[in-house]
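Asks: Following is a predicted model, sequence given first.
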Amino acid sequence: MIQEQAQQALSHAVHPGSNVFVRILEWLPLPEWVPGWVITLGGVVIGMSIFLAVMSVLVMFCVWLERKVSGHIQCRTGPMYAGGWHGWAQSIADGVKLLLKEDTIPNEADRTLFWIAPAIVLGSIFGAMVAMPLSYDWWFGRMDLGVFAILALSSTTTIGVVMAGWASNSKWSLYGAMREAAQVVAYEIPLGLSLLAPLFVLGTFSLNEASAMQSGWFGMKWAIFTNPFLIPAFMIYWIAALAETKRAPFDLPEAESELVAGFMTEYSGIRWSFFFFEEYAAMLLMSVLAAFFWFGGFESPLTGALRASGVEETSLLFSVVCFGTVMIKGFVGIFLMMWMRWTLPRVRIDQVMTMGYKYLTPLALFCVLGAACWEALQHLIFS
Amino acid sequence: MELQAIHDTLTAAGVAGLLGCDEPRPSNKKEKDQGRSGLPFLMVDPAGIVPLLTACRDMPLLRFDLLIDLTAADPAADGEDLWVLIQLLSLKHRHRLAIKACLPKSALSMPSATAVYRAADWHERECSEMFGITFEGHPDPRKILLPDDWDGYPLRKDYEFPTEYHGISCE
Amino acid sequence: MSNSTSDQALKAHEPSYSTEERRTLPSGEEEFFFDVKTSDLEVNMGPQHPATHGVMRVLIRCDGELVTGAQAHLGYLHRCAEKIGENVEWLQYLPYTDRYDYLAAMNNNLGYSMAVEALMPGFEVPRRATMLRTICVELNRIASHLVAYGTYGLDIGAITPFLYAFREREWIQSLFEKICGARLTYSYIRIGGVFNDAPPGWLTEVGHFCDVFEEKWKEYRDLLALNHIFIKRTAHVGVIPKDMAIDFGLTGPMLRGSGVDFDLRRDMPYMAYGEAHEAGAFDVPLGEGEKGELGDCWDRFSVRVQEMMESIKLVRWCLEVIEDGPIIGDVPKVLKVPPGEAYVGIENPRGELGHYVHSDGGKIAVRCRVRGPSFTNLSVIEELMVGTLLADSVAIIGSTDIVVGETDR
Amino acid sequence: MVRVNRYFQDIWDTLKSTMIGMRITGKYLLRKPITVQYPDQRLPIPDRYRGIHYLEQEKCIDCLACARACPIDCIEMDAIRHGKELEWVSFTLDYQKCMFCELCVYPCPKDCIHMGTEFALVVEDRSELNYDLLSFKGMAVDARVRMREAEEKKKIKEAAKAAKAAEKAADENDGEKGSGSDGGGEV
């Protein structure tokens, strides 16, 4: 029964669809004499620009949201002036300011590494975001092993951070970098393990397919409702995701009261903003990943209703709804991250390690086992 | 406990170096004495400060656990003495003791109280840089508030203000 | 990364390290050894560092995250307060007292005024002035502890409690602004009494503040003091045993955090505190090692949090007993203080604030010594920080609740 | 067993206290902020605020009491005496030094130096901080308004007083005729 269900789900998940790049090229009225490689190259360039633009806007919205949320939590208002309505243009103004700021590199710094580090950080996180589909029909890079790609690429940022810390030639930066390395390595394990539980339940590594698997029950057959062990698994994932994205209470790499600004102490201007961008992009990515594997991905009663009224999954309306749904879910996650950040104090480095290895890892293993047993039990009963 | 009683207790215990009490007195216009108000002091000999403080700390009747303050004063530019002033406080008996030791400006040196009270450490460092008193046996006789290369002892009355410091004008 | 040259232990250790070594094994093969040369890292925490609460420098020697040595360097904020005291008139020194412990300026005003009053035989402060003094001092104690609460949260990494604390602190400052016109450097309590009488409605507003604060205080406690992460960060950290606290001459919440039951307000009462204590208006909270060991950072923090509530009780008591009357005794405009010396210690939010004043009968003090509680309280950190983690050292500095203006004066 | 207990106790405590904390912060998230948008909205400044001084020049007698009281000697004044009349040369207050302690206000025998509610010392050059307090120069707008209001109030008071005195004088005149009518009837 489960297999039937899966096949049914996959049948509409793996419709031919196409890459956003190719879509654009198909849409452009290109004459026939244009050579193929130009089309490909043009597609890549245009596609990447759109991708970067979309992601940047999302990230900037995250930054603005963070400032508003933190402001209101602290009985303040947050930005109020730039742009008029509740300072909506604050992120843009800040971006312009950071672009125009003097770009300083300390004399004693390793200039090459100092220069490369932010690029690696930003590149890897945006690379990971490529694997994030925007709807059933819209995606930048389709991957059957999307989760792997996201986890692998997003943890590459650590290399950039360590590089930045080392290249800055500042003691505080070095501390920040080393903390980051230790912390991220420690939390990769519970992060991966806790993701294994929904992977068991959904039976796929692809984000599209994972979403499609949760399309039952009028769009509410979310993984977290189908298996009780996914609830603790989600909590573990969430804590590990906070640690992965260096968010409070795990912001040890930049711990401003201990390490001044950690690995980015010596960075300024646009280079610093790359690290900043990375943090918010990673938050978005981790929240969206949680949305895909626990909270139904693109699925919601709205998609259920659309599907029931016979709207094609490839239609524009359906895609827009999918995109909106997943973004709302993602931003709810981001809001939760912010809420936690502005509530909790920071943990100490040894406590971070203890928590990762002694608490989260065994509990995640337990959740995986539990989820698997539950699935097996279900299989035995229903088949 | 009043100062006189403390003095008697210490004398009875055979503590050396007590030079009597300096108590406030009302003004007397006939003898052109302005009087002295405020706080009574136990006058002591600076050389014997360590056994005295030890006795103050350990005697069950006194039990001055806390060294609150250790400082000095330069009563007059042309005077011959600097005063070293120590404030003790007893947590148990809830009384205070003010100790005054007169150090001649010609020989500004006295034993350090750090062995008795560790609280004396920073106070003595401050005192020695501000007044030029050497505390013998101090474990870490560096300057504390002033820069290491500061000349002179600023809280002495005969201190002359420098006109510049490392090329920075102080005018 | 500078190597320490002063550390003998490190020096003695050095020869055993080598960068490259080659040796021939019995089998005739050559073997290379590469050994990483390690040395402790010396880190300057300060003079400009978020955790030092001002311009103070702590030189820390670290082995990885572990602190193996610490040395405090003071004096960056030395403003010659004592020398100034010897050069301005008695009353003119009052604004300067605001500035050493700028978070508790009322307490400084009070300490100095009481020291000078101690030199004036038979002088008595009017009752209403005493009550106004007590109200202001206790409100200021709350304000100061609110900063301690908030900044300690910042040190541990929680930013929001800081802003909540400052929200109430702003209210206290507005109250002070109404009574004396300044928000930080009050110069309100003067020799002989207080500058201004309370404006109409002020005492009612203070009462209203007390009511609101009690509710907010519960939030403070739940949000930070009882947060499990916070407890884990501060309990068992920076433990000061009783005898060590006494040996180092700690006073105030630092001493009480170690379980020593001593408060100048109760045990050596001044102003109306004796009467207040008899009326049961306040208790002295002590560290009990509730969450960790006796005398750890959490205990000191908890003592401060609880003291805020005791101060509220005191203010309430004052509001009950305050009556109309003169607000300042008979003090001439150009004050000549009778010759004499006095040392008066009062309970500042940070501990015993002592003023030693010496008059020769003139308009200007001969010696004006300020015994700042932060100075003594800070001296303990060099010892406490050794053997802790870098993050703990921040927690320890924060738990001493120093004001650098006062350590350096 | 104790350790196992503590293991789970830790997890429970962390979750619980996090929830409590998030409840508190969440509560404030939904409340109205307490801050004001500063340049547009301003909080009321109390009357006793110790801001930039203002001087009632016509009352001042050049007695130097305020200058002497100042701990940092930031008040300087100069006036030429023509019998009872004063010709003011300068009355400057150096706001680079001033610490707004209000000690200059108390010793004034004529009660003519006051502290206003203006606090923004924004200048383009340091020398501009040496304010001249004469003839309202350097005085803030609201201080001027307050002063005028105070003057008007005073005038009304004085008028009332004078009227009363006149009445009294009239009564006295009624009582004992023939005595001089120099009771101060002119307003």
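Replies: Great, that's in hand. Numbers count the residues shown, from 1 in each chain, chains lettered A, B, ... in the order given.

Asks: can you tell me which residues contact residue B:74?
Replies: B:82-83, B:131, B:155-157, C:367 (C-beta atoms under 8 Å, 6 or more residues apart in numbering or on different chains). Heads up, the C-betas are built off the backbone N, CA and C, glycines and all.

Asks: out of those, which is most surrounded?
Replies: Neighbours were tallied for each of those (criterion: other C-beta atoms under 10 Å in any protein chain shown), and the maximum of 26 neighbours falls on residue B:82.

Asks: possible to save the contacts of residue B:74 as TSV with pLDDT?
Replies: Formatted as TSV, the entries for the contacts of residue B:74 read as follows, by pLDDT from 0 to 100:
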residue	pLDDT
B:82	87
B:83	87
B:131	88
B:155	87
B:156	86
B:157	85
C:367	88
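
Asks: Contacts for whichever helix or strand residue C:370 is part of, please.
Replies: Residue C:370 belongs to strand C:365-371 when elements are defined using DSSP states H and E. Applying C-beta under 8 Å, 6+ apart, the contact partners of strand C:365-371 are B:68-69, B:71, B:73-76, B:85, B:87, B:155, C:81-82, C:85-86, C:90, C:93, C:97, C:100, C:337, C:345, C:352-360, C:406, C:409.

Asks: Among those, which are located in helices?
Replies: For the contacts of strand C:365-371, the ones inside helices are C:81-82, C:85, C:97, C:406, with DSSP state H as the criterion.

Asks: If we only consider those residues, which is nearest to chain B?
Replies: If you rank the ones in helices among the contacts of strand C:365-371 by distance to chain B using C-beta to the nearest C-beta, residue C:82 comes first, at 6.2 Å.

Asks: was I right about the closest one contacting residue C:408?
Replies: No - with the criterion set as C-beta atoms under 8 Å, residue C:82 and residue C:408 do not qualify as a contacting pair; they are 11.2 Å apart.

Asks: Which residue does the stretch 101-250 of chain A have closest to chain D?
Replies: residue A:235 (8.2 Å).

Asks: ok, that residue to residue C:91 distance?
Replies: The span separating residue A:235 from residue C:91 equals 63 Å under the rule C-beta to C-beta, to the nearest Å.

Asks: Please say which of these two ends up with more neighbours.
Replies: For the pair residue A:235 and residue C:91, the greater number of neighbours falls to residue C:91 (25 against 17), based on other C-beta under 10 Å.

Asks: Quick one: residues contacting that one.
Replies: The contact partners of residue C:91, taken as C-beta under 8 Å, 6+ apart, are C:190-191, C:335, D:69, D:103.

Asks: Pull the most distant pair out of these.
Replies: Spanning the widest gap among those are C:191 and D:69, at 13.5 Å by C-beta to C-beta.

Asks: Please identify which of the two sits among more neighbours.
Replies: Each of residue C:191 and residue D:69 had its neighbours counted (other C-beta under 10 Å), and the higher figure belongs to residue C:191 (24 against 21).

Asks: Now the residue of the stretch 101-250 of chain A closest to chain D. Its backbone dihedrals?
Replies: Taking degrees, to the nearest 10, you get phi -60, psi -40 for the backbone angles of residue A:235.

Asks: circling back: pick the one among the contacts of residue B:74 closest to chain D.
Replies: The nearest one, if we look at the contacts of residue B:74 relative to chain D and count by C-beta to the nearest C-beta, is residue C:367, at 18.0 Å.

Asks: Give me the distance between that closest one and chain A.
Replies: With the distance defined as C-beta to the nearest C-beta, to the nearest Å, residue C:367 ends up 39 Å from chain A.

Asks: Including pLDDT, could the contacts of residue C:91 go into JSON lines?
Replies: Listed next are the contacts of residue C:91 as JSON lines, based on pLDDT from 0 to 100:
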{"residue": "C:190", "pLDDT": "85"}
{"residue": "C:191", "pLDDT": "86"}
{"residue": "C:335", "pLDDT": "76"}
{"residue": "D:69", "pLDDT": "85"}
{"residue": "D:103", "pLDDT": "84"}
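
Asks: Make CSV from those and add secondary structure and distance to residue C:63 to it.
Replies: Compiled in CSV, these are given as follows (DSSP: H, G, I helix; E, B strand; the rest coil; distance: C-beta to C-beta, whole Å):
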residue, secondary structure, distance to residue C:63
C:190, strand, 53
C:191, coil, 53
C:335, coil, 57
D:69, helix, 57
D:103, coil, 54
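
Asks: could you redo the residues you listed as TSV and give each row distance to residue A:307?
Replies: Compiled in TSV, the contacts of residue C:91 are given as follows (distance: C-beta to C-beta, whole Å):
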residue	distance to residue A:307
C:190	80
C:191	84
C:335	89
D:69	84
D:103	80
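
Asks: Low-confidence regions, the chain specifically.
Replies: You didn't say which chain, so I picked chain A. Segments of chain A classed as low confidence (criterion: pLDDT under 70) are A:1-26, A:28, A:30, A:141-142.

Asks: wrong one, chain C
Replies: The low-confidence ranges in chain C, as defined by pLDDT under 70, are C:1-23, C:31-37.

Asks: The longest helix belonging to it near chain A at all?
Replies: Once chain C is assigned using DSSP H, the helix that runs over the most residues is helix C:127-156. Yes - in this structure, helix C:127-156 sits against chain A according to C-beta under 8 Å from any C-beta of the partner chain; the contacting residues are C:153-156.

Asks: okay if I get these as a markdown table plus neighbour count?
Replies: Supplementary listing: those in a markdown table, determined by neighbours: other C-beta atoms under 10 Å in any protein chain shown:
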| residue | neighbour count |
| --- | --- |
| C:153 | 27 |
| C:154 | 22 |
| C:155 | 27 |
| C:156 | 29 |
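
Asks: Of those residues, which is the nearest to chain D?
Replies: Top of the list for closeness to chain D, among those and by C-beta to the nearest C-beta, is residue C:153 at 11.2 Å.

Asks: Thank you, goodbye.
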